[in-house]
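*Asks:* show me the folded form of this:
(chains A and B)
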Amino acid sequence: MTPNGIPLGDVLLASGALFTIGLAGALLRRNAISIFLAIELMMNAANLAVLGYAAALHSLEGQIVVFFVIAIAAAEAAVGLAIFVALFRHTETIDVNKINLLKW
Amino acid sequence: MTVALWVVPALPFAGFLLCLLLGSRLGKSFVSTVGAGSVGLATVAAWTRLVPYLTGDGTPVVEKVAPWIAAGNFSVDVSFRLDPLSALMVSFVTFVGFLIHVYSIGYMSHDETDAGYARYFSYLNLFLFAMLVLVLANNFLLLFVGWEGVGLCSYLLIGYYYEKEYAADAGKKAFIVNRIGDFGFLLGTFGVFGLFGTLDFDSVFSRAAADPARFAPGLTLVCLLLFVGAMGKSAQVPLHVWLPDAMAGPTPVSALIHAATMVTAGVYMVTRCNVLFRLAPEAMFAVAVVGGVTAIFAAVIAIAQNDIKKVLAYSTVSQLGYMFLACGVGAYVAGMFHVLTHAFFKACLFLGSGAVIHALGGEQDMRRMGGLGRRLPLTYTTFLVATLALAGIPPLAGFFSKDAILTGVFAAHRPILFGLGLVTAGLTAFYMFRLVSLTFAGDFRGTPEAAAHVHEAPPTMTLPLVILAFLSAIAGFLGLPEVFGEGANRIAAFLAPVFPRVGLAAAEPPAHSLPAATEWLLMGTSVAVAAVGILLAWTWYAKRAGRPAARVAASLPALYRLVAEKFRIDELYDVLFVRPFVWLARMLWKVVDVLIIDGVLNAGAFLVELTGDALRFLQTGNVRNYALTFLLGIVALLLIVLAG
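*Replies:* Numbers count the residues shown, from 1 in each chain, chains lettered A, B, ... in the order given. Prediction:
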């Protein structure tokens, strides 16, 4: 039970649902930006689970970890988007099915 | 002032290092100075020790330089030994070596590159170092070091003109044939250690002499193995094949290594081990038979050779046979005496042939020589003196040493071996005068250009010739036969301490029991035989230009071809050993290596490749497939963790 009355199980359920949606998106979408957003979704699902536990256990560390994750996610977003721009300039597409040079 | 014995071999070694490391940079005059100078100094150093020694009582002097190997009961020192035998060897090894270094300065001056010149002198110095270690060693192992060292230098110098294939091949042949002998010598050394528990000369010989009956059974085998080593080094049948080919090296090398010094190492070693050999009569008999057979065999081949150096090479093999014949019948003094005189006259002959080859710009075939006596008077005179010495004409050196051997064989009651020796003496005189006649008498048979090129050698070459010819003439007086009075045989008296009494009556040196009349008769016979050989060769080749010889050859074509082709021993070895060996090597290469070893490795590699070929299709390049694989992997992990 979190301090504001939401049971931890519900938080974890919401987190699991978000993660599953993100996973499905990452696996099924072909647009690189959509995949990227889906990955962000999974990361935030994880954040939510961490926050839920932090609140239930009255621990500050969990909240601090989430701040770090958000900061790193921002940096990662910059790198990821830069890669997509470079990729688009090179191949004129960001459809991941067409970007499969690195194979047998 | 006494110089330590180790200085004597150390000086040429220092010369070797200087010539090798600095020679090619500092030029020919530096190399000549260091190369010949170091040997000159070694000669002086050796003689400062020898001169007092020669007048002394002949007590052995042993000087330990350093402990070498000490393991349990086994210990070997680096120690040098001066006794009458090594003193005799050292005296002429250093002196003849020095003369030949001086000669080489003139002979090799046409070798244009400084690097080649430095290489030549460094090898020659290294050879002298190894030879001095060999003769001064005080135990079997140090002797073996010198033994291998001279073999190595022989190989390096035979292959000196390595860009010519036949020279490189001759070097390899010498090395491999010598290896066979060295293997026997090494086994013999093991046997000596097994029997006596030490390798030190004094201890081995005194233990053997103290209790002959105990060691007798193993001793015959040990002596035979040691003799196999001597056969390789001294080119005795059937290991003689390398020496004639060794003439591919520069002529001074042939003179120094393949006539005067290294090839006598076998005789020296057998004489050094005379106590062991005298206790093994069967081994002694084998030595005598091999020596006698080699003497006549090589002399017959020498008759039909046309290359001036080949004749001298076979003559060397034949004379070495004589020396072993002497050792085999117990006349060790005669054998060593012949080693000494042979070193002088054969070195002189080789250097003389070198002067002839030099004068003709590299021509070695006697059929394109002739009439050189008038053009090269100094070479001719010295060559003639040495030839007469080799042929055994009194009062030159070869007569006395050869007569001492024949007398020894006769006194040992070996009539067949005596007959072989006597016939060989006649053949020797014949082939040597055939050589002299073809080279120096008659008319010049080469091209006019070659005739115009003929010139007498420079003084650095002729001076050693004169000195060696002089020694060939007088060295015989060291060992006059006993009929000239009590104590006339100075060399026998000098060497006497080397032949201690051993426990066996039969093993004592033969007492000099021949009546004076018999001795005179023997001398007369050997002179007569030599004179017949000389006269025959002179009439056939000098007076009648070789026509009678050609008629004889034509009447026996098969025999002549067989002799001219050296009894086809090389071809026989080729069929018996070389080709099966090459076949075996090809088998090991094509079947064992390529098929089996490479096959196993390649099969392993192929298996890996096959697996990779199958698995590579998992690598689609599609990122979402990888993500799906992650997911499945995690699910599988979770299932395992939760279920477990």
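*Asks:* go through chain A and flag its longest helix.
*Replies:* The helix of greatest length in chain A, counted in residues with DSSP state H as the criterion, is given as helix A:61-91.
*Asks:* burial count for residue 7?
*Replies:* No chain was given, so I picked chain A. Other residues lying near residue A:7 total 12 when counted by other CB atoms under 10 Å in any protein chain shown. Backbone N, C-alpha and C define where each C-beta goes, glycine included.
*Asks:* if you could check chain B rather than the one you did, that'd help
*Replies:* Under the neighbour criterion other CB under 10 Å, residue B:7 is assigned a count of 16.
*Asks:* what residues are up against it?
*Replies:* B:42, B:45 (CB atoms under 8 Å, 6 or more residues apart in numbering or on different chains).
*Asks:* and it, how far from residue B:187?
*Replies:* Going from residue B:7 to residue B:187 by CB to CB, to the nearest Å gives 33 Å.
*Asks:* enumerate the residues of chain B near chain A.
*Replies:* Neighbours of chain A within chain B, by CB under 8 Å from any CB of the partner chain: B:616-617, B:619-624, B:627-628, B:631.
*Asks:* which of those residues count as buried?
*Replies:* Neighbour counting by 16 or more other CB atoms under 10 Å in any protein chain shown classes B:622-624, B:627 among the residues of chain B next to chain A as buried.
*Asks:* keep only those of those that are in helices.
*Replies:* Taking DSSP H as the definition of helices, those contribute B:623-624, B:627.
*Asks:* make TSV out of these and add pLDDT.
*Replies:* Listed next are those as TSV, based on pLDDT from 0 to 100:
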residue	pLDDT
B:623	80
B:624	82
B:627	86
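*Asks:* which one of those residues is nearest to residue B:494?
*Replies:* For these, the residue nearest residue B:494 by CB to CB is residue B:623; the value is 99.6 Å.
*Asks:* that closest one contacts residue A:96, correct?
*Replies:* Yes: in this structure residue B:623 lies within contact range of residue A:96 using CB atoms under 8 Å: 5.4 Å.
*Asks:* which neighbours do those two have in common?
*Replies:* By CB under 8 Å, 6+ apart, residue B:623 and residue A:96 have these common neighbours: residue A:35.
*Asks:* okay, helices next: where are they in the stretch 251-400 of chain B?
*Replies:* Taking DSSP state H, counting those that start in this stretch as the criterion, the stretch 251-400 of chain B carries its helices at B:251-255, B:265-272, B:274-278, B:281-303, B:308-328, B:332-359, B:372-375, B:377-391, B:397-411.
*Asks:* which element follows the strand or helix carrying residue B:587 toward the C-terminus?
*Replies:* Assessed by DSSP states H and E, residue B:587 sits inside helix B:579-587. Scanning forward in sequence from helix B:579-587, with DSSP H and E defining helices and strands, the next element found is helix B:598-615.
*Asks:* check which helices and strands that following helix sits against.
*Replies:* Contacts defined by 3 or more CB pairs under 8 Å, 6 or more residues apart in numbering or on different chains; DSSP states H and E place helix B:598-615 against no helix or strand at all.
*Asks:* so where do the helices sit in the stretch 1-150 of chain B?
*Replies:* Defined through DSSP H, counting those that start in this stretch, the helices belonging to the stretch 1-150 of chain B, from first to last, are B:7-26, B:28-55, B:84-107, B:114-136, B:140-158.
*Asks:* among the ones you listed, which is nearest residue B:183?
*Replies:* Across the helices of the stretch 1-150 of chain B, the minimum distance to residue B:183, taken as CB to CB, is reached by helix B:140-158, at 11.3 Å.
*Asks:* where does the prediction get shaky in the stretch 251-400 of chain B?
*Replies:* Low-confidence segments of the stretch 251-400 of chain B (pLDDT under 70): none present.
*Asks:* can you redo the buried ones among the residues of chain B next to chain A as a markdown table with distance to residue B:93?
*Replies:* What follows is those, written out as a markdown table (distance: CB to CB, whole Å):
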| residue | distance to residue B:93 |
| --- | --- |
| B:622 | 85 |
| B:623 | 85 |
| B:624 | 89 |
| B:627 | 87 |
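*Asks:* tell me the two of those that are most distant?
*Replies:* For those, the maximum inter-member distance is 9.4 Å, found between B:622 and B:627 (CB to CB).
*Asks:* now the helices of the stretch 251-400 of chain B as a markdown table including distance to residue A:7?
*Replies:* Listed next are those as a markdown table, based on distance: least, CB to CB, whole Å:
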| stretch | distance to residue A:7 |
| --- | --- |
| helix B:251-255 | 106 |
| helix B:265-272 | 106 |
| helix B:274-278 | 108 |
| helix B:281-303 | 109 |
| helix B:308-328 | 112 |
| helix B:332-359 | 114 |
| helix B:372-375 | 126 |
| helix B:377-391 | 123 |
| helix B:397-411 | 123 |
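*Asks:* can you put these in a markdown table and add mean neighbour count?
*Replies:* Output for those, formatted as a markdown table (neighbours: other CB atoms under 10 Å in any protein chain shown):
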| stretch | mean neighbour count |
| --- | --- |
| helix B:251-255 | 29 |
| helix B:265-272 | 26 |
| helix B:274-278 | 25 |
| helix B:281-303 | 23 |
| helix B:308-328 | 28 |
| helix B:332-359 | 28 |
| helix B:372-375 | 18 |
| helix B:377-391 | 24 |
| helix B:397-411 | 27 |
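*Asks:* out of those, which is closest to residue B:441?
*Replies:* Minimum separation from residue B:441 across the helices of the stretch 251-400 of chain B (CB to CB) falls at helix B:372-375, 6.2 Å.
*Asks:* which parts of chain A sit against chain B?
*Replies:* A:23, A:26-28, A:30, A:35, A:96-97, A:99-104.
*Asks:* I'd like the helices of the stretch 1-150 of chain B as JSON lines, with mean pLDDT appended.
*Replies:* Formatted as JSON lines, the helices of the stretch 1-150 of chain B follow (pLDDT from 0 to 100):
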{"stretch": "helix B:7-26", "mean pLDDT": "89"}
{"stretch": "helix B:28-55", "mean pLDDT": "88"}
{"stretch": "helix B:84-107", "mean pLDDT": "90"}
{"stretch": "helix B:114-136", "mean pLDDT": "92"}
{"stretch": "helix B:140-158", "mean pLDDT": "93"}
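*Asks:* TSV for these, including distance to residue B:300?
*Replies:* Formatted as TSV, those follow (distance: least, CB to CB, whole Å):
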stretch	distance to residue B:300
helix B:7-26	38
helix B:28-55	37
helix B:84-107	28
helix B:114-136	30
helix B:140-158	25
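*Asks:* nearest to residue B:475, of those?
*Replies:* Proximity to residue B:475, assessed across the helices of the stretch 1-150 of chain B by CB to CB, is greatest for helix B:84-107 (9.0 Å).
*Asks:* thinking again about what came up before, export the helix holding residue B:587 as PDB, just CAs?
*Replies:* This file holds the C-alpha atoms of helix B:579-587, laid out as PDB (Å, rounded to 0.1, in the frame of the first residue of the first chain):
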ATOM      1  CA  ARG B 579      67.200 -42.600 -52.800                       C
ATOM      2  CA  PRO B 580      65.400 -44.800 -50.100                       C
ATOM      3  CA  PHE B 581      65.900 -41.900 -47.700                       C
ATOM      4  CA  VAL B 582      64.500 -39.400 -50.200                       C
ATOM      5  CA  TRP B 583      61.600 -41.800 -50.800                       C
ATOM      6  CA  LEU B 584      61.000 -42.100 -47.100                       C
ATOM      7  CA  ALA B 585      61.100 -38.300 -46.700                       C
ATOM      8  CA  ARG B 586      58.600 -37.900 -49.600                       C
ATOM      9  CA  MET B 587      56.300 -40.500 -47.900                       C
END
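*Asks:* that helix - what's its average pLDDT?
*Replies:* Per-residue confidence for helix B:579-587 averages out to 94 on the pLDDT scale.
*Asks:* reformat the residues of chain B next to chain A as JSON lines; add distance to residue B:206.
*Replies:* Formatted as JSON lines, the entries for the residues of chain B next to chain A read as follows, by distance: CB to CB, whole Å:
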{"residue": "B:616", "distance to residue B:206": "80"}
{"residue": "B:617", "distance to residue B:206": "84"}
{"residue": "B:619", "distance to residue B:206": "82"}
{"residue": "B:620", "distance to residue B:206": "89"}
{"residue": "B:621", "distance to residue B:206": "88"}
{"residue": "B:622", "distance to residue B:206": "92"}
{"residue": "B:623", "distance to residue B:206": "91"}
{"residue": "B:624", "distance to residue B:206": "95"}
{"residue": "B:627", "distance to residue B:206": "92"}
{"residue": "B:628", "distance to residue B:206": "92"}
{"residue": "B:631", "distance to residue B:206": "92"}
